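Trainee: turn this into a model:
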Amino acid sequence: MRAARLLYGTMGIDFRGSDDGNILIGKCAFSDFYESRTCALISALDEGLLAGLAGGGRLEFSERITDGQSRCRARFHSS
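Mentor: Reported below is the predicted structural model:
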């Protein structure tokens, strides 16, 4: 999660992840440009990045800024 925070920070994404897999994104530079469907598609890349860092896993979003929420909320389930 620390490595992901650093990587996402360079892209203008306020990524906060805990060791138990909970993720909050308070601000995302891309949310000004992406529609909800585009964001959902790009999330597959996010899942791949996190899985690569953790040696496998799945990413599930329950809230997204592009869906009108004030933040993104997700959970990463490591393998």
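Trainee: can you pull out the helices in this protein?
Mentor: Counting by DSSP state H, one finds helices in the chain at the ranges 2-9, 36-54.
Trainee: tell me what R16 is bridged to.
Mentor: Counting by DSSP bridges, R16 forms beta bridges with L24.
Trainee: give me the most central residue, the chain.
Mentor: Taking Cα atoms, centre = their mean, the centroid of the chain lies closest to D46, which sits 5.9 Å from it.
Trainee: which pLDDT value goes with the spatially closest residue to that residue that is not a sequence neighbour?
Mentor: Among residues not flanking D46 along the chain, L59 sits closest, at 5.9 Å (Cβ to Cβ, 6 or more residues apart in numbering). C-betas here are computed from N, CA, C, even on glycine. Note on L59: pLDDT of 96.
Trainee: got the contact list for L59?
Mentor: Counting by Cβ atoms under 8 Å, 6 or more residues apart in numbering, L59 makes contact with I23, S43, D46, E47, L50, A51, A74, R75, F76, H77.
Trainee: and of those residues, the nearest to A29?
Mentor: D46 (14.1 Å; Cβ to Cβ).
Trainee: correct me, but R5 touches M11?
Mentor: No: between R5 and M11 there is no contact under Cβ atoms under 8 Å: 11.2 Å.
Trainee: so these two - more neighbours on which side?
Mentor: Ranked by neighbour count (other Cβ atoms under 10 Å), R5 and M11 place R5 first, with 14 against 10.
Trainee: might you report the residue contacts of the more buried one?
Mentor: F15, R16, G17.
Trainee: run through the chain and note the low-pLDDT ranges.
Mentor: With pLDDT under 70 as the threshold, the chain has no low-confidence stretch at all.
Trainee: can you rerun that using 80?
Mentor: Applying pLDDT under 80 to the chain flags residues 79.
Trainee: returning to that earlier point: please check the contacts of L59 and keep the buried ones.
Mentor: Among the contacts of L59, those scoring as buried are I23, S43, D46, E47, L50, A51, A74, F76 (criterion: 16 or more other Cβ atoms under 10 Å).
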